[in-house]
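In: Got a sequence here, can you model it:
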Amino acid sequence: MSNSPRTVVLGFGVTGQSVARHQCANDTIPVVLDSRSPQPVADNWPGLDVRWESEEWPESLLAQTERAIVSPGLPLHHPLVRQARQANIALLSDIDLFMSEVDVPVIGVTGTNGKSTVVSLVGHLLSAHGLTCAVGGNLGVPALDLLSDVNDMYVLELSSFQLAHSAALPLASAALLNVSDDHRDWHGDFARYQQAKQRIYAAADYCVGTLESELAMKARVAVAPPKIHQWGVADHDGESWIYHGQTPLLPITELPLTGRHNVENCLWALALVEPWIAPPAAAQLFTGFEGLPHRFAAVPSPAHIRCINDSKATNVGAALAALTGFERQQKVILIAGGDSKGADLTPLGPAMQGRVRQLLTLGKNAAELNDVATQYGIAWRHIETMDQAVAAAMDQAEAGDTVLLSPACSSLDMYANFSTRGEHFTQLVAQYQTRSKTEVDA
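Out: Next up is the predicted model:
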């Protein structure tokens with residue numbers, strides 16, 4: 001390696017490590033700066049210079065660096081990012097590197113909620129159509145690690161963090177599913193978060209959006225007008241069907257996922273693949289798709305009680321999608337709370353009215369949820385742990401009730417991640433299922 005490094009990787013988490021692997025494979029061994037204390041890493045990195053606890057750039061390194069690849073965990077105001085900007089160092093994301101390497105179509109999806117499900121649906125439809133397709137990005141495998149295999153297409157989930165650090169991405173098809181209050185702690189305010197999400201359309205060839213998002217997309221500079229796809233749901237022969245234009249394609253009862261929000265997710269997926277798969281054919285390709293874990297997933301439950309693990313609902317918008325999937329006058333016992341990341345929880349009030357008969361709150365921002373429940377006349381009870389929450393829910397649940405874990409908050413105040421939270425909920429519910437069966441057998 002030369003004594004004059006040209007590339008520096010900022011952050012050595014999952015994405016930063018994928019960047020380092022990519023650089024090393026291309027005979028460019030970077031220097032890595034990470035402001036955290038030393039972290040365990042799985043790969044062996046011979047010769048890689050990783051400098052932990054780096055709050056600022058070493059002056060000698062700053063002078064030698066031509067470009068820095070920024071990990072999505074580092075916000076724009078992070079000292080390492082800010083200092084690089086002040087030194088006029090070119091800043092790129094891992095997605096910028098990825099796009100420079102591929103010469104096949106790339107579909108990009110972002111949004112506050114639903115993006116993982118939509119990306120997975122798109123990958124399923126393309127694969128079922130006979131195309132070799134790799135899915136990753138913010139979901140699962142980091143984008144650069146997808147380059148190890150040859151594919152006809154790629155489908156990337158893109159976070160607001162990745163988009164904020166990226167240049168205009170030449171995506172073949174792109175969608176911004178929705179934007180609701182989230183990640184103020186990273187972006188600083190909601191306006192900056194929204195602007196980052198909208199960047200997905202900046203250089204996309206085929207833009208999919210709702211009619212409501214048309215004005216936002218037209219605000220792009222020097223880019224072709226968006227293509228608003230005529231997809232929706234309407235009655236046909238006494239049932240609700242997916243329509244493309246005036247053509248009924250499939251009854252929603254035959255979709256692979258339940259819930260109104262998942263009907264929308266299927267519509268987004270169909271619209272995104274329209275340049276490659278004709279709508280009538282695409283609608284027949286959902287067979288065999290299985291939903292992602294912790295996303296409005298039914299779990300084994302005691303008899304006559306429905307339990308749903310929606311732990312991935314880490315923000316208000318996701319919890320709203322889950323709640324509004326229930327008709328009014330439903331009997332829902334809602335377990336919610338955690339770290340709200342500064343979001344306004346008030347919109348949950350109208351959604352809970354007529355649906356939630358008992359709210360069980362826990363975590364860092366439980367008090368704010370309790371205030372919202374009081375304002376809208378919803379019975380609530382503060383709980384300390386998930387064990388207590390599930391116990392309280394099972395104690396109150398009656399035949400026909402739904403126990404819903406849809407926290408509207410991050411899990412990081414109590415759990416390592418939303419998956420761990422969802423798995424804990426599922427395990428606790430399973431104990432009551434076993435207990436119920438034992439009592440019946442007795």
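
In: Would you mind measuring from residue 289 to residue 20?
Out: 34 Å (CB to CB, to the nearest Å). Where you see a C-beta, it was placed from the backbone N, CA and C, and this is true even at glycine.

In: Sorry, slip of the keys, the one I care about is residue 272.
Out: 31 Å.

In: Compare these two and say which is more crowded by neighbours.
Out: For residue 272 versus residue 20, the count of surrounding residues by other CB atoms under 10 Å is larger for residue 272: 28 against 25.

In: just checking, the more buried one touches residue 209?
Out: No - assessed by CB atoms under 8 Å, residue 272 is found out of contact with residue 209, at 10.8 Å.

In: so what sits against both of those two?
Out: Residues within reach of residue 272 and of residue 209 at once, by CB atoms under 8 Å, 6 or more residues apart in numbering, are residue 175.

In: mind listing what residue 166 touches?
Out: 92-93, 95-96, 158, 199.

In: Apply 7 Å and report the result again.
Out: 93, 95-96 (CB atoms under 7 Å, 6 or more residues apart in numbering).

In: Of these, which is the nearest to residue 109?
Out: residue 95 (12.5 Å; CB to CB).

In: If I look at the closest one, what pLDDT would I see?
Out: Each residue has a pLDDT score; the one for residue 95 is 98.

In: Do I have it right that it meets residue 143?
Out: Yes - contact status for residue 95 versus residue 143: in contact at 5.8 Å, counting by CB atoms under 7 Å.

In: So the closest residue to residue 146 other than its chain neighbours: helix, strand or coil?
Out: Leaving aside its chain neighbours, residue 146 sits nearest to residue 134 (4.4 Å; criterion: CB to CB, 6 or more residues apart in numbering). Taken by DSSP: H, G, I helix; E, B strand; the rest coil, the conformation at residue 134 corresponds to strand.

In: okay, now residue 134: neighbour count?
Out: The number of residues near residue 134, taken as other CB under 10 Å, comes to 25.

In: low pLDDT regions in the stretch 251-400 of the chain?
Out: By pLDDT under 70, the stretch 251-400 of the chain contains no weakly predicted segment.

In: Please, where are all the strands along it?
Out: Secondary structure of the stretch 251-400 of the chain (DSSP state E, counting those that start in this stretch): strands located at 297-299, 306-309, 332-336, 356-361, 380-382.

In: how about the ones you listed in a markdown table, adding distance to residue 123 and mean neighbour count?
Out: Converted to a markdown table, these look like this (distance: least, CB to CB, whole Å; neighbours: other CB atoms under 10 Å):
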| stretch | distance to residue 123 | mean neighbour count |
| --- | --- | --- |
| strand 297-299 | 19 | 17 |
| strand 306-309 | 22 | 23 |
| strand 332-336 | 31 | 26 |
| strand 356-361 | 34 | 23 |
| strand 380-382 | 40 | 18 |
